[in-house]
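*Asks:* with the sequence up front, the predicted model follows.
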Amino acid sequence: MPHDERFQELARSALSGRLSRRDVLRRAAVLGLSAPVIAALLAACGGSSNKTPTTSSGSTSTSESTSASTSPSGSASPMASPASSPEASPSAEASPSGSPMAMTFDPKVAPPVPDPSKGKQFSGQKITYYGDSVGAGNDFDKVLAAQFTKDTGIEINIVPKPQDSTQNFATYQRFFQGKSSDVDVMMLDVIWPGSLAPHLVDLSQALADEAKLHYDTIIQNNTVDGKLVAMPWFGDFGMLYYRTDLLEKYGYDKPPTTWDELQDMATKIKDGEKSNASFTGFVFQGDAYEGLTCDALEWIASAGGGTIVDENGKVTVNNDKAIGMLNKAKGWVGNISPRDVTSFQEEDARNVFQGGNAAFMRNWPYAYAEGNSSDSPIKGKFDVAPLPAAGGEKHYGTVGGWQLGVSQYSKSKEASIEFIRYMTSPEVETWRAVVGSYVPTMEKVASDPAVVKAMPFLENLQDVVRVTRPSGPAGENYNQVSTYFFQGVNKILNGEDASGVVQQIQQQIERVMG
Amino acid sequence: MNGTVTTDIPKKAPKVEPGRIRTLRGSQTRTAWLLLIPTLLVVALVALVPLVQTVWYSFTDERLASLQPTNFVGLDNYRFLIKDAAFRHSIWVTFEFSIITVIFEFLLGIVVALVVNSHFKGRGPMRAAMLVPWAIPTVISAQMWKWMYSGTYGVFNDLLVNKLHILDHNVAWISQPNTSLPAVAAVDIWKTTPFVALLLLAGLQVIPNDVYEAATVDGANAIQQFFRITLPLLRPAILVALIFRTLDALRVFDVFFVMFSSRASTQTMAIYDQQNLVSFSDVGYGSAISVAIFVIIGIFVVAYVTALRVERT
């Protein structure tokens, strides 16, 4: 498209809500854009907030419904109204009846249980669920559990799981060691199915049809010796959040693609924003915990320094590229990053960025919905890009993602499975994707226009290489491998030279891997 | 009491055959044991069994929830422990923390105790208010302080940089290695000084008033009274307070865990132990560390108890 840059600019403005729908329409017409594209822009203009859409006043009478059903992907979806195919006239006259947005997404109203009769058999049973504890995750859990209880009569006792993954894993191990029935349904990190499999219920029979809906790769990850031990719930990967308004203010037309670019841009923006003493360039997860393993894995992989341990179990962390990259990261601390970034976890980083006090942030997708919530100071002023890489290297993002599984020692296994059936249903994943920007684990939901509209960033991140933490080769010693790694990296960020520390990490991990 | 009764019986009833006395004495002993058995059982169950178990585990390579069988490895865990720089570092961190906190808590505690022991209006509410920091669960107060220390939005930086202009830039109190230990020590001092003050206050209240009256009559001034009367008479209470605080400080866990999570440079003995035992599920090595901590704390207990005994004689 000849108007590529101007189009991008317009799209960004529309996304960030700086232009009214009328302006978008006018400018788009000047650019000579085709009708479907304009409709898509207008959809973005509707705002990425998840509240019930309000129809804009004035001459642009395009209804929300039309624009949503003609979103960029234009893919078929069960919710798309048959009246408005992308090729057909997407004009304002499209039928308002049977419109997809008749199904609105309210963060306080969960979708009903699709087939409550299955769950009703177990009415009156009570299950304990170790659920989300980051961001608004616990609020969504409460809304979903209340809906489930209303429809099936199964009571849910929600316990927010430990935020720290290392502790979370240890907690589950304690439960399993004692064959405890105090927990029924639990959230499981994508790296755990292998080591916790002996203690989890095989879901491959009960949820066979449902499993087919999810991405094959995640189902395979969750299948251990032919047992499906957990159902995929949402995906996660590291990505770069950046402030569109600040980049524009300082004359940058696109987000950084290399770490050096990020460093330059952050320095310039930070210098320019000196009047705000709390302002900083780049925030990430630097505390000594699992999150730092994820962040540092991205740094090292994107500098061509490997993945700590390779797939054959050989420890590879001690190499020049890894050392160079970690020393570069050390240079950020106290310069483009706040000095106390070395005790930041996800929520600390998000608080700074969402408070408008940082130009860049590395975080998981959940921060997107939080940043665009109605009371957020940076609503509509930020976007997402792949994390930078060293020149000539690929862009990497550490794979996270959470599954739901049932404990082998649960006393209400059937009721628990019904709860998982509901939680991982396309309806709930769609709702969570729209209200919380949780990345869906099934194609059917990912291509849903409402989801595409709520998470436009997924498009930009398609070429990012997903890198996994070395849980496979480390097996039951993964916690130890990860702890030595994040403790070492944290030491480097706190001022020690990388070459000595990395050598030590290499030795410690080699001893564990035996 | 018991002694007088048993010696009295033969004197007052010399004609009773020795066998009956033995029976009486025997039955008393038997009753005593009978009454003690439940207590001894409980102690054995909650203290002795876990202790023996821990020592046993420390000679094995036991791992929790592992598929590998457990092997007896002899002294391997201890051999590694002696060479383990991380553990040595954790001992050093713990000692530094204990010394700083016990000294400050004792000095501040005695000041607070003297203040609330004197007569002034509102002494009752003051004594209650003094205990507030101690009543807040450590995890909560540690998190509270963590926010106050924050290098980005913390109240300390706001005060020192924006309001009082003492510093020209924000300080990351709990992230920088050189301010981390003083920062966490301050939290513990804030929290536990009331406890020390309470123990010392109890000690102050048993010192009879007439001693001070006599001193006043003899012309001793307040400072002389403090060093010649208060301090010597307070010694038992001081020793008790110091024992409590030292042992508590040596096994500190919660404050550090909340503020620094798993950072290597600020691991105390207990946190290093927890990391191996719980996070790594390495029961064998974790137990060896536990035994080492037991021995280290044991040395302090013996030292204090000896000091206390010397005090009595």
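*Replies:* Ah, there it is. Residues are numbered from 1 along each chain as shown, chains lettered A, B, ... in the order given.
*Asks:* quick one, strands of chain A?
*Replies:* A:126-131, A:155-160, A:185-189, A:223-224, A:227-228, A:231-237, A:239-243, A:280-283, A:358-363, A:382-385, A:396-406, A:465-467 (DSSP state E).
*Asks:* need the contact list for residue A:201.
*Replies:* By Cβ atoms under 8 Å, 6 or more residues apart in numbering or on different chains, the contact list for residue A:201 reads A:229, A:405-408, A:410, A:413, A:416-417. For glycine as for every other residue, the C-beta is placed from the backbone atoms N, C-alpha and C.
*Asks:* do you know how far the spatially closest residue to residue B:257 that is not a sequence neighbour is from residue A:422?
*Replies:* Closest residue to residue B:257 apart from its sequence neighbours, by Cβ to Cβ, 6 or more residues apart in numbering or on different chains: residue B:271 at 6.0 Å. When distance is defined by Cβ to Cβ, to the nearest Å, residue B:271 is 40 Å away from residue A:422.
*Asks:* same question for residue B:225.
*Replies:* Taking Cβ to Cβ, one finds residue B:225 at 75 Å from residue A:422.
*Asks:* of those two, which one has the most company?
*Replies:* Between residue B:225 and residue A:422, counted using other Cβ atoms under 10 Å in any protein chain shown, the more crowded position is residue A:422 (26 against 16).
*Asks:* thought that one was touching residue A:431?
*Replies:* No: using Cβ atoms under 8 Å, residue A:422 makes no contact with residue A:431, being 11.2 Å away.
*Asks:* so which residues on the stretch 151-300 of chain B come close to chain A?
*Replies:* B:151-153, B:161-162, B:170-177, B:259-265, B:275, B:278-282 (Cβ under 8 Å from any Cβ of the partner chain).
*Asks:* list only buried entries from those.
*Replies:* B:151-153, B:161, B:170-176, B:259-265, B:275, B:278-282 (16 or more other Cβ atoms under 10 Å in any protein chain shown).
*Asks:* who touches residue B:244 in this structure?
*Replies:* Per Cβ under 8 Å, 6+ apart, neighbours of residue B:244: B:195, B:199.
*Asks:* that one falls within a strand, correct?
*Replies:* No: secondary structure assignment (DSSP: H, G, I helix; E, B strand; the rest coil) places residue B:244 in helix, not in a strand.
*Asks:* need the per-residue pLDDT for residue A:224.
*Replies:* We have a pLDDT of 86 for residue A:224.
*Asks:* next one: residue B:279
*Replies:* At residue B:279, pLDDT is 87.
*Asks:* for residue A:109, same thing?
*Replies:* At residue A:109, pLDDT is 89.
*Asks:* next, count neighbours for the nearest residue to it once chain neighbours are set aside.
*Replies:* Spatially, and ignoring its direct neighbours in sequence, residue A:109 is nearest to residue A:143 (7.2 Å; Cβ to Cβ, 6+ apart). Residues lying near residue A:143 (other Cβ under 10 Å) number 18.
*Asks:* who touches residue A:143 in this structure?
*Replies:* A:107-110.
*Asks:* and these as a markdown table, adding distance to residue B:302 and neighbour count?
*Replies:* Formatted as a markdown table, the contacts of residue A:143 follow (distance: Cβ to Cβ, whole Å; neighbours: other Cβ atoms under 10 Å in any protein chain shown):
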| residue | distance to residue B:302 | neighbour count |
| --- | --- | --- |
| A:107 | 61 | 18 |
| A:108 | 62 | 10 |
| A:109 | 65 | 13 |
| A:110 | 61 | 25 |
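*Asks:* shaky segments in the stretch 1-150 of chain A?
*Replies:* A:1-103 (pLDDT under 70).
*Asks:* do you know how far the spatially closest residue to residue A:224 that is not a sequence neighbour is from residue A:423?
*Replies:* Nearest non-adjacent residue to residue A:224, counting by Cβ to Cβ, 6+ apart: residue A:197, 3.8 Å away. Look at residue A:197 and residue A:423: by Cβ to Cβ, they are 20 Å apart.
*Asks:* residue A:133 now?
*Replies:* Taken as Cβ to Cβ, the span from residue A:133 to residue A:423 is 16 Å.
*Asks:* neighbour-wise, which of the two wins?
*Replies:* Neighbour count, other Cβ under 10 Å: between residue A:133 and residue A:423, residue A:423 has more, with 21 against 17.
*Asks:* so how many other residues sit close to the closest residue to that one other than its chain neighbours?
*Replies:* In space, and not counting its chain neighbours, residue A:423 is closest to residue A:404: 5.8 Å by Cβ to Cβ, 6+ apart. Residue A:404 has 25 neighbouring residues, counting by other Cβ under 10 Å.
*Asks:* residues of the stretch 251-400 of chain A that sit close to chain B?
*Replies:* A:277-278, A:280, A:287-289, A:338-343, A:351-352, A:355, A:357.
*Asks:* quick one, domains of the chain?
*Replies:* Let's take chain A. Domains of chain A are assigned by automatic domain parsing as A:4-89, A:121-237+A:399-451.
*Asks:* wait, chain B was what I had in mind.
*Replies:* Split by automatic domain parsing, chain B gives B:16-57, B:85-312.
*Asks:* looking at these, which is buried most?
*Replies:* domain B:85-312 (a mean of 17; mean count of other Cβ atoms under 10 Å in any protein chain shown).
*Asks:* sorry, back to before: give me the buried subset of the residues of the stretch 251-400 of chain A next to chain B.
*Replies:* So, by 16+ other Cβ under 10 Å, the buried ones in these are A:278, A:280, A:287-289, A:338-343, A:351-352, A:357.
*Asks:* what's the pLDDT at residue B:178?
*Replies:* 89.
*Asks:* wait, what's in contact with the residue in the stretch 1-150 of chain A that chain B sits nearest to?
*Replies:* Using Cβ to the nearest Cβ, residue A:133 is the residue of the stretch 1-150 of chain A that sits closest to chain B, at 14.2 Å. Contacts here follow Cβ under 8 Å, 6+ apart; on that basis residue A:133 touches A:160-163.
*Asks:* do residue B:264 as well
*Replies:* A:288, A:487-488, A:490-491, B:86, B:89.
*Asks:* redo that, cut-off 10 Å
*Replies:* Listed by Cβ atoms under 10 Å, 6 or more residues apart in numbering or on different chains, the contact set of residue B:264 reads A:288, A:483-484, A:486-488, A:490-491, A:494, A:501, B:86, B:89-90, B:272, B:275.
*Asks:* tell me which of those fall in helices.
*Replies:* A:483-484, A:486-488, A:490-491, A:501, B:86, B:89-90, B:272 (DSSP state H).
*Asks:* show me where pLDDT drops low in the stretch 101-250 of chain B?
*Replies:* In the stretch 101-250 of chain B (pLDDT under 70), no residue qualifies.
*Asks:* could you pull out the helices for it?
*Replies:* Remark: helices assigned in the stretch 101-250 of chain B by DSSP state H, counting those that start in this stretch are B:123-130, B:132-135, B:138-149, B:155-157, B:177-205, B:209-217, B:222-225, B:231-250.
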